[in-house]
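Asks: My questions are about this predicted structure, shown below with the sequence.
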Amino acid sequence: MIVVREIQQKYRIKGFYKEKQFKETPIGKIPNEWEVATLEEVAEIVGGFTFPLELQGKKVGKYPFIKVGDMNKSYKYIANAENYIDEKDLQKLHVNVFPKGTIIFPKIGMAIRLNKFRILACDALFDNNIAGIIPKNVDGEYLYYYFMGRVNLISLAGTTTVPSITKSRLEKLSIPLPSLEEQWGIAEVLSSVDNAIEAVDRLIEKLERVKQGLMQKTLTKGIGHKEFQETEIGKIPKEWQIVKLETLFILKNGERPEVIREDGEVPIYGAGFIQGYTDRFMINKEDVIIIARVGKGSAGKVYIASGKMWISDNAIYAVPRVSDVYPMYYYYYLQYLHLDRIAVRGAAGGYSLLTQSSLSNLYVPLPSYEEQKQIASTLKSIDDWIEVEKKRKEKLERLKRGLMDLLLTGR
């Protein structure tokens, strides 16, 4: 449990202790001091509104009109949307805005399975695929974290073909209620971890932008060049050559392995990077470039791997044909090209296909081996940093899950 004290109408966390006294309730064991209430006793449940097509498309306005897709562009608080409305639009709709602090989530369709919750960071509206909870006799942040950590939306949905959550079912949902002070303390601890996760997210986004800028600069202009030439692939340093990819690499389609395991020593690389493990290896080399060959949204993705591996039949792999090729450089160059643009879009199932022929005939630059190595090293240093931050984010997310399990049960 969390001990807090009041300071000028605000609270400060004073300490923690392990709760030992629990009582049985319909929602399981909770601390003796906690109560149980239904959601309708502590909050107002509201539904969104139909958003007429004639009012959609306005990119600025007083109030964001939030759709389920807009929730993907925020982490905890949501203040922006693809569509906005003004006071005069409210009059046409005959609706009122929902207040800042309202907790929203999808209430119909497969989006329910994502268990996605957001808090309105400003007064806003949302469409009729979204439900809202307006906190009344409960700390809003505590309620948000309770839903995040202890409520599975799909379990509240009906068993119809299209899952949906009704207002009546939400109203009867039982919620554990610590004191308001402890609700605040629980939310404060979890918010501090969320703030750290958001900070890491922002850093990763910044590093990704830096990487894209460096790729644009180094893969087309090189390092330290002053004279350039116009070529089939644009302006490049005068010292560079232009060649077809097939003159630098041997390109081959992968094969489906006979045995696929969930773990093992030999990874199977394919359209989705590692797709399992097998007993035998196809190749055992350093820096093999792997290109997703077929898939819905994955054709053209580029990976690189070393050591013993098997390449699946939904990928093409490239190994150097000549000695003056540094594979890591071309791994980044092929990323930069966005190979999905040359993939053939298939009708069946929306899949796209990338062929050996289209890759073989790609024109690519050929800097000196040393410059290839220098450019690749610069870009890899950014990738390594991004990977460190992603692992840090994963660690924070594990910490958050553990804390929610402890704090939201009172343990």
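Replies: Good, I have the coordinates. Numbering: from 1, shown residues only.
Asks: if I read this right, I103 contacts F126, doesn't it?
Replies: No. I103 is not in contact with F126 according to Cβ atoms under 8 Å; the separation is 11.2 Å. Every C-beta, even on glycine, is put in place using the N, C-alpha and C of the backbone.
Asks: Which of these two has more residues huddled nearby?
Replies: Comparing I103 with F126 by other Cβ atoms under 10 Å, the one with more neighbours is F126, at 29 against 21.
Asks: can you tell me the helix or strand for that one?
Replies: strand 125-126 (DSSP states H and E).
Asks: Which residues does the helix or strand following that strand contact?
Replies: The first helix or strand that comes after strand 125-126 along the chain, using DSSP H and E, is strand 130-135. Applying Cβ atoms under 8 Å, 6 or more residues apart in numbering, the contact partners of strand 130-135 are 39, 42-48, 66-68, 98-99, 101-107, 120, 126, 143, 147, 165, 167, 170.
Asks: cool, and stretch 19-37?
Replies: M1, N137, S174, I175, P176, L177, P178, S179, T409, G410, R411.
Asks: OK, contacts around the closest residue to D263 other than its chain neighbours?
Replies: Nearest residue to D263 in three dimensions, chain neighbours excluded: Y277, at 5.6 Å (Cβ to Cβ, 6 or more residues apart in numbering). Taking Cβ under 8 Å, 6+ apart, we find Y277 in contact with I260, R261, E262, D263, G264, E265, V266, P267, I268.
Asks: For beta bridges, what are the partners of Y277?
Replies: Assessed by DSSP bridges, Y277 has beta-bridge partners R261, P267.
Asks: change the start of the numbering to 52 and stick with it
Replies: Got it, the first residue is 52 from now on, which makes the last one we talked about Y328.
Asks: tell me the pLDDT at it?
Replies: With respect to pLDDT, Y328 scores 95.
Asks: try K71
Replies: The model reports K71 with a pLDDT of 81.
Asks: T211 too?
Replies: Turning to T211, the model gives it a pLDDT of 68.
Asks: now I334
Replies: I334 is given a pLDDT of 92.
Asks: Let me know the helix or strand that Y380 is in.
Replies: Secondary structure from DSSP H and E places Y380 in helix 378-388.
Asks: now the helices: where do they sit in the stretch 152-301 of the chain?
Replies: Shown for the stretch 152-301 of the chain, the helices assigned by DSSP state H, counting those that start in this stretch span residues 191-201, 204-207, 218-222, 231-272, 296-299.
Asks: Using JSON lines, lay out these together with mean neighbour count.
Replies: Output for the helices of the stretch 152-301 of the chain, formatted as JSON lines (neighbours: other Cβ atoms under 10 Å):
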{"stretch": "helix 191-201", "mean neighbour count": "21"}
{"stretch": "helix 204-207", "mean neighbour count": "15"}
{"stretch": "helix 218-222", "mean neighbour count": "14"}
{"stretch": "helix 231-272", "mean neighbour count": "17"}
{"stretch": "helix 296-299", "mean neighbour count": "17"}
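Asks: got those as JSON lines, with distance to A356 and mean pLDDT columns?
Replies: JSON lines is the format used below for those (distance: least, Cβ to Cβ, whole Å; pLDDT from 0 to 100):
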{"stretch": "helix 191-201", "distance to A356": "36", "mean pLDDT": "95"}
{"stretch": "helix 204-207", "distance to A356": "36", "mean pLDDT": "88"}
{"stretch": "helix 218-222", "distance to A356": "48", "mean pLDDT": "91"}
{"stretch": "helix 231-272", "distance to A356": "20", "mean pLDDT": "95"}
{"stretch": "helix 296-299", "distance to A356": "18", "mean pLDDT": "96"}
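Asks: Let's have the ones you listed in a markdown table, adding distance to E75.
Replies: As requested, the helices of the stretch 152-301 of the chain are arranged in a markdown table below (distance: least, Cβ to Cβ, whole Å):
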| stretch | distance to E75 |
| --- | --- |
| helix 191-201 | 17 |
| helix 204-207 | 21 |
| helix 218-222 | 24 |
| helix 231-272 | 20 |
| helix 296-299 | 68 |
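Asks: between those, which gets nearest to K444?
Replies: Comparing these by their distance to K444 (Cβ to Cβ), the top pick is helix 231-272, with 4.5 Å.
Asks: Let me see the contact set for F198.
Replies: Applying Cβ under 8 Å, 6+ apart, we find F198 in contact with I154, F156, F168, I184.
Asks: what mean pLDDT does stretch 113-128 have?
Replies: Across stretch 113-128, pLDDT averages out at 93.
Asks: What is the distance between it and the centre of its chain?
Replies: Counting by Cα atoms, centre = their mean, to the nearest Å, stretch 113-128 is centred 15 Å from the centre of its parent chain.
Asks: The contacts of stretch 70-88, buried ones only, as a PyMOL selection?
Replies: Those of the contacts of stretch 70-88 that count as buried under 16 or more other Cβ atoms under 10 Å are selected in PyMOL with:
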select buried, resi 52+226+227+228+229+460+461
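Asks: Show me which positions of stretch 390-408 end up buried.
Replies: Across stretch 390-408, burial judged by 16+ other Cβ under 10 Å covers L390, D391, I393, A394, Y402, S403, L405, T406.
Asks: Y402: what's it in contact with?
Replies: Per Cβ under 8 Å, 6+ apart, neighbours of Y402: V345, G346, K347, A350.
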